[in-house]
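In: mind looking at a prediction? Sequence and model below.
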Amino acid sequence: MGWIENKNIKAYTDDGRGNRADVGVVTPSHGAKYLRTHADGVWTNNLLELPEF
């Protein structure tokens with residue numbers, strides 16, 4: 001997660017149809033950091049909707 005927190009680097013997801021969502025690190029006041037997507041100005045749960053491998 002450290003490289004995503006670096007402001008010079010951008011991470012994103014792409015659905016293959018040209019729709020992109022930025023990936024950011026969320027730091028809650030309690031608990032561990034986690035990744036979340038930001039699309040159209042809104043934090044979303046797109047990563048939770050991906051299939052597990």
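Out: On my side now, so go ahead.
In: where does the protein dip in pLDDT?
Out: Low-confidence segments of the chain, defined by pLDDT under 70: none present.
In: do that again at 90, thanks
Out: For the chain, residues meeting the criterion pLDDT under 90 lie at 1-11, 13-16, 18-21, 24, 26, 38-53.
In: residues in contact with the closest residue to T27 other than its chain neighbours?
Out: Leaving aside its sequence neighbours, T27 sits nearest to K33 (Cβ to Cβ, 6 or more residues apart in numbering; 5.1 Å). Glycine gets a C-beta too; all of them are placed from N, C-alpha and C. By Cβ atoms under 8 Å, 6 or more residues apart in numbering, the contact list for K33 reads 1, 25-27.
In: got those residues as CSV, with neighbour count and distance to L50 columns?
Out: Listed next are the contacts of K33 as CSV, based on neighbours: other Cβ atoms under 10 Å; distance: Cβ to Cβ, whole Å:
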residue, neighbour count, distance to L50
M1, 14, 17
V25, 14, 17
V26, 13, 17
T27, 11, 22
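In: closest to A39 out of those residues?
Out: Nearest to A39, judged by Cβ to Cβ, of the contacts of K33 is V26 at 14.5 Å.
In: center of the chain - which residue?
Out: Per Cα atoms, centre = their mean, the C-alpha nearest to the average position across the chain is that of V23, at 2.4 Å.
In: check contacts around that one.
Out: 4, 11-13, 35-38, 47.
In: any idea how far W3 is from it?
Out: When distances are taken as Cβ to Cβ, to the nearest Å, V23 and W3 turn out to be 11 Å apart.
In: also D40?
Out: Here the distance between D40 and W3 works out to 24 Å (Cβ to Cβ).
In: same thing with T27?
Out: The span separating T27 from W3 equals 15 Å under the rule Cβ to Cβ.
In: and F53, by the same measure?
Out: Distance of F53 to W3, computed by Cβ to Cβ: 21 Å.
In: so for those two, which residue has more residues nearby?
Out: More crowded of F53 and W3, by other Cβ atoms under 10 Å: W3, with 9 against 3.
In: quick one: M1 and V26 touch, right?
Out: No: between M1 and V26 no contact is recorded; they are 9.8 Å apart, counting by Cβ atoms under 8 Å.
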